[in-house]
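Engineer: for reference, the sequence and a predicted model appear below.
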Amino acid sequence: MRDPTIYNVRALDRAMQILACFDDDNPERGVSEIAQLVGLHKATTHRIIVTLLNGGYLERTSDGERYRLGLHLAKMGLAVARRLDFRREAIPHMHALQERFGETCDLSIFSNGAISYIEVVQSRYPLQIAARPGQRLPGHCTASGKVFLAFASSDELSQALREPLRRYTENTITARHRIMEQMELIRSRGYGFDDGEYEAGVRAIAAPVRDATGKVVCVLGMPGPAARMDTERVAEIAAALIAAVDDISAHMGWQRNRPTLT
């Protein structure tokens, strides 16, 4: 089969590489930094940046020296999110879960080793976990990310777990063998759990929505302060999340979870 990348337009490839330089850890970058990351001459990089700037795909920071992703990209991303059928199916369940438990409920997808929130229903408590649509979080130390990884292909898993993995808190698990043990546990019980591994003092539970082939297309999660997330409550939320994703999958004509809660 002919390599489809032979049809790629070089200028567009370079523009996409530049856009991919920005993430939650590095939301702003300068021209020299971007040029070094993408391996282009600084003048070439600057011309592409100006083109992206003029199109609204990038914008300058207040000091005029650095750049960040533009609002046009956010509008495009939200337009994609709005047409996702599983998002429409999930929203009523998210509101019901928030009403029942009071905690923030989020829906995420997975790309390039990280999760991206596409919908968030905020907690009703004054003390709540900050989350917003479009926010990206790492895969190896979040409940939702670990669920995606548990059902990922071996190639996707190897790509996501390339060393060294960043340690965000004292609880972050970075040893590959321990992560693989967690993946097996997630597959057997049907949900993922994060015990302060990304943010100290925060626990989260997440369960997968799987399509007809068993592939995880999105994950429903519920984070909350550890003080409100004891063992009994975690088990209760996990059972409710699994019931919700099963219902979403059933309405989409997809595959249900068959876990044994532990």
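Structural biologist: Yes, it's here.
Engineer: ranges for the strands of the stretch 101-250 of the chain?
Structural biologist: 105-111, 114-121, 136-138, 192-195, 202-210, 216-225 (DSSP state E, counting those that start in this stretch).
Engineer: got those strands as JSON lines, with mean pLDDT and distance to residue 180 columns?
Structural biologist: (Glycine included, C-beta is placed from N, CA and C.) Formatted as JSON lines, the strands of the stretch 101-250 of the chain follow (pLDDT from 0 to 100; distance: least, C-beta to C-beta, whole Å):
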{"stretch": "strand 105-111", "mean pLDDT": "92", "distance to residue 180": "18"}
{"stretch": "strand 114-121", "mean pLDDT": "91", "distance to residue 180": "19"}
{"stretch": "strand 136-138", "mean pLDDT": "90", "distance to residue 180": "17"}
{"stretch": "strand 192-195", "mean pLDDT": "96", "distance to residue 180": "14"}
{"stretch": "strand 202-210", "mean pLDDT": "95", "distance to residue 180": "18"}
{"stretch": "strand 216-225", "mean pLDDT": "94", "distance to residue 180": "17"}
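Engineer: the residue nearest the centre of the chain pairs with what?
Structural biologist: Against the mean C-alpha coordinate of the chain, by C-alpha atoms, centre = their mean, the closest residue is residue 115 at 1.1 Å. Beta-bridge partners for residue 115, by DSSP bridges, are residue 110, residue 137.
Engineer: so how far is the first residue of stretch 207-217 from its last?
Structural biologist: 11 Å (C-alpha to C-alpha, to the nearest Å).
Engineer: ditto for stretch 221-241
Structural biologist: 8 Å.
Engineer: kindly report the same for stretch 154-171.
Structural biologist: Note: stretch 154-171 ends 25 Å apart using C-alpha to C-alpha.
Engineer: tell me how many other residues crowd the residue lying closest to residue 187 once chain neighbours are set aside.
Structural biologist: Leaving aside its sequence neighbours, residue 187 sits nearest to residue 150 (C-beta to C-beta, 6 or more residues apart in numbering; 5.3 Å). Residue 150: 22 surrounding residues under other C-beta atoms under 10 Å.
Engineer: doesn't residue 186 make contact with residue 150?
Structural biologist: Yes. Applying C-beta atoms under 8 Å as the test, residue 150 and residue 186 come out as touching, 3.9 Å apart.
Engineer: now do the shared contacts for the two.
Structural biologist: Common contact partners of residue 150 and residue 186 (C-beta atoms under 8 Å, 6 or more residues apart in numbering): residue 192.
Engineer: pull out the buried positions in stretch 37-48.
Structural biologist: 38, 40, 45, 48 (16 or more other C-beta atoms under 10 Å).
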